[in-house]
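Chemist: Dropping the sequence and predicted coords here.
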Amino acid sequence: MNAAVPARVRVYTGYERLWHWVQAASVLLLLVTGLEVAGVVRVLGFARAVTAHEVLGFVLIGHAFLGLFYFLSSGAIRQYVAEPRDFATLAWRQARYYVSGIFRGERHPVERTPEHRLNPLQKATYVMILNVLLPWQVVTGLATWGLERWPRLEATTGGLALWVPLHVAGAWAFAAFLVGHVYLTTTAGPRPLSAIRAMVTGHEDAPTHAGATEASS
Amino acid sequence: MSLRRRTVSTVLIALVAAGLVRGAAAADRSTTHPAVELLDAQGRPVLGSGAPVSPRTTCGACHDTSFVAAHGYHVAAGADERTAPGGVSDGRPFDVSPGPFGRWDPAAYRRLSLDDDERFDLGVADWVRTHPRHVGGGPAEQTAAGRPLAQGGTRTETDALDPATGRPVRWDWAASGTAEPDCFLCHLATPDAAARAATLARGAFRWAATATLSRTGLVEPDDAGGWRFVRGRFDPDGTAPSARLPLRNPTSGACGACHFEATDDRTALGAAGPWSPRDPRGAGQVFSSQRLRDSGFNLRDRETLDVAFDVHAARLVGCADCHGSPSDPARPASGRAAAPRHLVVDARRPSVGEHLRAPSHDFGKGVSSRGHAARAHDGTMRGCAECHDVASSHGRWLPHAVRHLDALACEACHVPRVAMPAVETTDWTVPSPDGRPALAWRGVEGRVDDPASLVVGYEPVLLPHAGADGRTRLVPHHLATTWYWVAGPTARPVRAFDLVAAVSDGAGGWHPDVRAALDSDHDGAVSAAEQRLDTPAKADALARRLVAVGVPSPRIEGAVDPTAIHHGVVDGAHAVASCEACHADGSRVARPFEVSDRVPAGAVARLSPDAAVALPGAMAPDGRGRLVYAPEPAQAGRWVLGRDRPVLVDRVGALALVATVLGVLGHGAARWVASRRRKEAP
Amino acid sequence: MTPRVLALLLGLVGLAASAFVAVVVPATAHETSDAPRERLPRFPEPTDHAAYFTRPFADGPAVTRTCLTCHPDAAREVKGTAHWTWQGGHGVRSDTGEAVAFGKRNVLNNFCIAVPSNWPRCTSCHAGYGWEDASFDPAQAADDRVDCLVCHDGSGQYAKDPQGAGRPDRGVDLLAAARSVGRSSRATCGTCHFKGGGGDAVKHGDLDETMRFPPDRVDVHMGRHGLRCADCHRAEGHRIRGRLMPTDADGTRVRCEDCHAAAPHGDERIDLHLRAVACTTCHVPTFAAETPTKMWWDWSKAGRDGDPEAVAHAIVADTVAGGAEGRLVPPAVLALFRRVGTDPDVSTHYDKKKGLFLLAREQVPEYRWYDGTSSRHLPGERFDGDGPVPLNPPHGRVGDPAARIVPFKVHRGVQPFDAELRHLLVPHTFGPGGYWSAFDWERALVDGAKASGIAYSGHSTWRSTEMVWPQNHMVRPKTEALRCTDCHGDGGRLDWAALGYPGDPAVRGGRVAAGLLDVATRPGATR
């Protein structure tokens, strides 16, 4: 192969990586402790599982706000904003890649750079996750937790019988997202684990072929 | 006159003193009550007249006995709330009062007859004879119209059932007299409830209060069915010495003479024999300071049961400490409902003297789960939170304490088990030829009257019940079922007389038709196991017999009656404290509870209309012919984390997850195959 | 670059994990910890002495000399302790104001009464050899007079001659005993302390031969948990902690709190009792669990001939009937007399030498306030009071916040008293010319006065006395402990009025609420 030393590109800042992994750990642990609260598994014991679930929930919420502040102040929020002009085309191209191109060894339709690291489908997914699913879980979770503190909430909404099913529905959605998300990282880089490594180290091996500029233009 | 006044003041001073050393004195056999002169109904000393003792005049010398009778639901027994048949809210169509007098109790079975009953069953006289737990007075003295019973009234008030013919005959009220409210029954340290019950059963109502005194030695039965006074045991001035007639505040033992099994006796429970509670409807509750391990009962794992039957009794809290008189100045009325918002306690209380002159006997009560007599006094008892700082004792360790305390009554965790057996099924469909129903007990392995049977107790079922504060919480209950025949278009219960006539041959044995139907093993006898209508053929045989004795269109009904479990409380160390007891599969809040050991052929049991509980979930016969209630708290809006799961959401969610996983696997596999292929083809 | 980032991530994950643990774990770790076993003393592995000794020993002192070759300080240490000096108390005579040093050597009790004039019998329990008579001075005695074996024997066959002034019994294999030495055991302590007063279970009520191998129900410490005496009576330089009825607080009291938590019950209501009630009050519900102990010793009935059972029977019958025999019988003992014959736990014994005994087992203690100190009836001290002479009255009042209600066995008796000088007399009982051989009270009292130095006017009378024995041993399993209703409510075992309460404190409040504490000690009084 070409003997050129791959240039290493910085894709994620330190805080972005920290944010990602803390949220990832929170979500995973929330799913496990949530299973125990639901009585499906027995690991910590019910009381500790409830406490852990509550603490993790607040960690997740607090950290989501910290992240929001970071993304807003650093401008990285733009990563998530879909460009309306080309969105349909780009999304179509991305979808086509997943359905057929990937099997033929085609190039990833979007070149990841620190400024543009999300493909249109990702953008759409993350917008949904962060703006719909996460708030959904936060609201239903807070309501479940807060029935203790706000008795009127129970009187007006009917209590756990309403909030728990909604929260559980969100949990299933998160679980499904997690599976898809982890799988799709293997499609994002030159090698299956490059994207995960990038999220750990912050750097990604830069593309080596010349065709890169072609594809992205 | 002046003597009277002096007596009054002496009594008051003595009782003030008694009030000061309450507690110590309450449990003591000694008394500070002065000696009293026993008077008859005319106010004459009984030593002279030889007439029955009248508590009304004897105690009335100092205390306002008519006030006491008018302010005592134990006297009225519901009679003061009498209505026309069917007028009782949540009652049965033939109930005439919400209390023991006039409300039909399926298990006790006898029903006060209505004037339009074709077949006369229970008149007032028979009610008094068969209800020795009634303290006397009220319906035992007066007609519904408020006149003395001797002056006549409705057929129910004037007649009694002739046990020979089953027809009503006139009761001779003039001969029997009436039973006055019997102060001695509760206030005497040594009452003889058995002698009183026997005297009532004999129909010698006027002697009932005198019979209560039989253990004092002041009275002896005479040959004429009455009682005579033993002059030598009275003081020379004719008073009954207080050493012989110790009068005092009622102890827990006094309440226990009628109410389930309450005792302040140090004699070990069960030392005298197997479990035979004075109140068989007490659902196995025991209020006693004794430890289970010290009792004489054959309890399972007895050596390990270090806990007292009731922690309150063990710590010297008696019945009256929570169910006290509302006028007792030593016990400020519970609840703030009566006081304006800016007051914590209304300090304007009766003085000690005023209370002793006219003590209210409308004792503090909770909200009953069965029957609605004296509803005006609901929630007047001292509740748990009036003594206990629940927040400080639970807040430290119980997560979401507010919600737990909102959803659960204290007893739900603090009565984890009822120690003693309870009557589960009362089967009146085939009474024995001597007129006793077949009983099935829970909480005992073997016959309840066999001292060798292992007593295991039972875990109560948690039912939603609205307490004094109006909030519905899960309260531990016992559920008992009664099966019985009803007849005719009015669906009134078949009277016991007809039942016995149907099953018996008139000589104490089984009627041949009934025996033939029930005797499955053809040994010529009807065993306890055979004494049940478990097949349509047997039920038909009984129905034919009932028709033969003149009962039209008989059919079987079942009534499920709840008894709330508030006694037998254990302290925090022994209460249910494991989260997993409820927040897991097999949760305590949803454990199936057997409500009857049998279901007669074709019969359906329903919750009694006067039950103040809900039964969320399903009640249905199981595969072994038992009636089982399977609670489903979610139906009552209670979601128990760790047990309840949103089934539909879970199905859809799982489907989505599985689809994602399959999609990922398929896609990944396709990628792998494609990349292999690309590598092979250069 | 990469390692640094990985380290950062790992650190963060670790931080999050520890925060998680910190939040979640404490939820369950809040139980009160009463771990008494962990607070027991740790003893070094005992040295096997078997190999050191091969040749037989001539006598006890020979053994001691051998011991001292390796343990040169041991005799000096022992000789400084009450086990050796039989002295250690300090009292002031109420009649003369004179300071008196006292101890077992010169004080009077209401069992065998006193040591002087009866030495060889009494000193069979002395931790030494040869205290024959008044001439023996513990301070001057040679080091080899100390008896090492009586406490350190492990062979189980070492015993003292009961009448031999502390010398070993004939037939004891001293070599075997010496080869077996080790830590003191329940058996070695028990040789004297189980049999004080001349026989098994006589004195204490809570110490007797059953304590060698007690069942759980008799003593939970020594039974279920296998403790030895020295686990609580910890020793340093042969000074052993714990005195039964000290006259002063010397700081060597053995306390339950040495091992147990101060509020161990997990029940606030019960823990509150500890301000007024000793642990033993509830945990020693009865004393003399198995073997009957002496409750009454009436010397005045000594000297009667005939069948002892018949003599006892006659005395009991007359006493119960209110006759002259019962003139000096206090009410508490009269109640016991009434139970003779009907209650299998109560029995009598008559001995011509000693008089009439009442023995009883499974007895409910008497309860008194006790602050850990007591007085003594000092030798020759004038007593002008009425009623029984208190030989060791415990100090303590309801008003003293340091006092606790403590269970006592009260041993009552009748013994010689000087009618003129008004003090208790010492009879010469054991040995030639003693009462037990001559049956002559006058001679016994004269001889006893000579030996003890307690004056005798020549006019003696009989006087009833009482001696209290706090019940600290035979602690039962907690399931046998007293419960609320044993003391409170109808028919409880405590006499509230006698203890100084206005009524049942469950109803009237404890001594703080009822205002019974001394004013100076009430909270806030001194601030």
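Modeler: Cool, the structure landed.
Chemist: what pLDDT, on average, does stretch A:202-217 get?
Modeler: Stretch A:202-217 carries an average pLDDT of 47.
Chemist: mind checking which helix or strand the most centrally placed residue in chain A is in?
Modeler: In chain A, the centroid-proximal residue (Cα atoms, centre = their mean) is A:Tyr126; its distance is 6.2 Å. Assigned by DSSP states H and E, A:Tyr126 belongs to helix A:120-128.
Chemist: Please see if that helix touches chain B.
Modeler: No - residues of helix A:120-128 contacting chain B under Cβ under 8 Å from any Cβ of the partner chain: none, with a closest distance of 12.5 Å. (Each C-beta comes from the backbone N, C-alpha and C, glycine too.)
Chemist: How about B:Asp116, nearest residue that isn't a chain neighbour?
Modeler: B:Pro85 (8.0 Å; Cβ to Cβ, 6 or more residues apart in numbering or on different chains).
Chemist: B:Cys410 versus that neighbour, what's the distance?
Modeler: 39 Å (Cβ to Cβ, to the nearest Å).
Chemist: what does A:Phe58 give?
Modeler: For A:Phe58 relative to B:Cys410 (Cβ to Cβ), the value is 31 Å.
Chemist: between the two, who's got more neighbours?
Modeler: B:Cys410 (19 against 14; other Cβ atoms under 10 Å in any protein chain shown).
Chemist: Would you agree the more buried one is in contact with B:Cys384?
Modeler: Yes - if you go by Cβ atoms under 8 Å, B:Cys410 and B:Cys384 touch, sitting 4.5 Å apart.
Chemist: Spit out the residues that contact those two alike.
Modeler: B:Val390 (Cβ atoms under 8 Å, 6 or more residues apart in numbering or on different chains).
Chemist: Now do the contacts for the residue of chain B found nearest chain A.
Modeler: Nearest to chain A in chain B, going by Cβ to the nearest Cβ, is B:Gly653, at a distance of 2.6 Å. For B:Gly653, the contact set (Cβ under 8 Å, 6+ apart) comprises A:Val168, A:Ala169, A:Ala171, A:Trp172, A:Ala173, A:Ala175, A:Ala176.
Chemist: before we move on, what SS does whichever residue of the stretch 251-400 of chain C sits closest to chain A have?
Modeler: Nearest residue of the stretch 251-400 of chain C to chain A, counting by Cβ to the nearest Cβ: C:Gly266, 19.1 Å away. At C:Gly266 the chain is in coil, as set by DSSP: H, G, I helix; E, B strand; the rest coil.
Chemist: do you know how far it is from chain B?
Modeler: Counting by Cβ to the nearest Cβ, to the nearest Å, the separation of C:Gly266 from chain B is 6 Å.
Chemist: Quick check: phi and psi on that residue?
Modeler: Backbone torsions for C:Gly266, taken as degrees, to the nearest 10, come to phi 70, psi 20.
Chemist: Likewise for the one 4 residues further on?
Modeler: Note on C:Ile270: backbone dihedrals following degrees, to the nearest 10 are phi -70, psi -40.
Chemist: That one: how many residues sit nearby?
Modeler: Count around C:Ile270 with other Cβ under 10 Å applied: 16.
Chemist: To what extent is the residue in the stretch 451-600 of chain B positioned nearest to chain C buried, counted in neighbours?
Modeler: Using Cβ to the nearest Cβ, the single residue of the stretch 451-600 of chain B nearest to chain C is B:Ala573, 6.3 Å away. If you count neighbours by other Cβ under 10 Å, B:Ala573 ends up with 12.
Chemist: Equivalent analysis for B:Glu81, please.
Modeler: Neighbours of B:Glu81 (other Cβ under 10 Å): 22.
Chemist: Might one say that it is in contact with B:Phe101?
Modeler: No - taking contacts as Cβ under 8 Å, B:Glu81 lies outside contact range of B:Phe101: 9.5 Å.
Chemist: how much space between the residue nearest to B:Asp116 and B:Val486?
Modeler: 15 Å.
Chemist: who's more crowded, the two?
Modeler: With neighbours defined as other Cβ under 10 Å, B:Pro85 and B:Val486 compare such that B:Pro85 has more, 18 against 15.
Chemist: Tell me which residues touch that one, please.
Modeler: Here B:Pro85 is in contact with B:Pro93, B:Phe94, B:Asp95, B:Val96, B:Leu114, B:Asp116 (criterion: Cβ under 8 Å, 6+ apart).
Chemist: Drop anything exposed from those.
Modeler: For the contacts of B:Pro85, a burial check counting by 16 or more other Cβ atoms under 10 Å in any protein chain shown picks out B:Phe94, B:Asp95, B:Val96, B:Leu114.
Chemist: quick one, what contacts the second one?
Modeler: Applying Cβ under 8 Å, 6+ apart, one finds that B:Asp95 lies in contact with B:Pro85, B:Gly86, B:Val88, B:Gly102, B:Arg103, B:Trp104, B:Asp610.
Chemist: The second one and B:Ser97 touch, don't they?
Modeler: What that stands for is B:Gly86. No - with contact defined as Cβ under 8 Å, B:Gly86 does not reach B:Ser97; the gap is 11.8 Å.
Chemist: Quick check: bridge partners of whatever residue of the stretch 301-450 of chain C ends up closest to chain A?
Modeler: Closest residue of the stretch 301-450 of chain C to chain A, Cβ to the nearest Cβ: C:Arg404 (39.4 Å). Legend: beta-bridge partners of C:Arg404 under DSSP bridges are C:Tyr370.
Chemist: Based on its surroundings, how many neighbours for it?
Modeler: 22.
Chemist: List the contacts of whatever residue of the stretch 101-250 of chain C ends up closest to chain B.
Modeler: Residue of the stretch 101-250 of chain C nearest chain B, by Cβ to the nearest Cβ: C:Arg217 (11.9 Å). Contacts for C:Arg217 (Cβ under 8 Å, 6+ apart) come out as C:Gly223, C:Ala289, C:Arg476, C:Pro477, C:Glu480.
Chemist: got a pLDDT number for the residue of chain A found nearest chain B?
Modeler: With Cβ to the nearest Cβ as the measure, A:Trp172 is the residue of chain A nearest to chain B, at 2.6 Å. pLDDT recorded at A:Trp172 is 94.
Chemist: What helix or strand is the closest residue to it other than its chain neighbours located in?
Modeler: The spatial neighbour of A:Trp172 that comes closest, neighbours along the chain excluded (Cβ to Cβ, 6+ apart), is B:Gly653 at 2.6 Å. Here B:Gly653, judged by DSSP H and E, is contained in helix B:647-680.
Chemist: need the residues of the stretch 251-400 of chain B near chain A, please.
Modeler: B:Pro399, B:His400.
Chemist: Now do the strands in the stretch 251-400 of chain B.
Modeler: B:261-262, B:286-287 (DSSP state E, counting those that start in this stretch).
Chemist: Packed most tightly, which of the ones you listed would that be?
Modeler: The highest mean neighbour count among the strands of the stretch 251-400 of chain B, using mean count of other Cβ atoms under 10 Å in any protein chain shown, belongs to strand B:286-287: a mean of 28.
Chemist: Give me the contacts around that one.
Modeler: Contact with strand B:286-287 is made by B:252, B:256, B:260-263, B:269, B:309-310, B:312-313, B:319, B:419-420, B:567-568, as judged by Cβ under 8 Å, 6+ apart.
Chemist: thinking again about what came up before, for the residue nearest to A:Trp172, give its distance to A:Ala169.
Modeler: 6 Å.
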